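Novice: I'd like to go over a predicted model; first the sequence, then the structure.
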Amino acid sequence: MQVRGLLLLLALVLLAATAEAGKNKKEKAKKDGSECEDWRWGPCVPNSKDCGLGYREGTCKDESKKLKCKIPCNWKKKFGADCKYKFESWGGCSAQTGVKTRSGILKKALYNAQCEEIVYVTKPCSSKIKSKSKGQSPPLLS
């Protein structure tokens, strides 16, 4: 009987602590938050060079904010890191140009970025010939 009462008391203490932690998060969000709903965000500006950690400035009426952001260092695409696209498979290799092409349809524009609805990207054709026998070992000679 005493063990059951002790477990019940422990459960109540944990429940109260969890509820108090939830209140603190909500109060903090209200303190940091703004009444303004129409924020306009600029592009992510890296602290140095053209990639890495940086910041993004936002304005709404008389207010302004800076948010931390990051541009991946392998992100060199002309359509920007704030435009997310769903890409189809690579097309065949063009013998005349030596490149293959694929298109992407806009999936999401972060921070109200100005994004093109459809983008096209190219890359050089691979000079490597892929082996047809992937995952198979060569025949043993006896």
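Specialist: Yep, it's here.
Novice: any regions of the protein where pLDDT drops low?
Specialist: 1, 3, 5-34, 75-77, 128-142 (pLDDT under 70).
Novice: residue ranges for the helices of it, please.
Specialist: All helices of the chain, identified by DSSP state H, fall at 2-32.
Novice: what's the domain layout of it?
Specialist: By the assignment in the TED database, the chain contains the domains 36-72, 74-127.
Novice: adding mean neighbour count and distance to residue 2, write those domains out as CSV.
Specialist: For glycine as for every other residue, the C-beta is placed from the backbone atoms N, C-alpha and C. Shown next, in CSV, are the domains of the chain (neighbours: other C-beta atoms under 10 Å; distance: least, C-beta to C-beta, whole Å):
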stretch, mean neighbour count, distance to residue 2
domain 36-72, 13, 52
domain 74-127, 13, 56
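Novice: could you dump these to CSV with distance to residue 4?
Specialist: Formatted as CSV, those follow (distance: least, C-beta to C-beta, whole Å):
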stretch, distance to residue 4
domain 36-72, 49
domain 74-127, 51
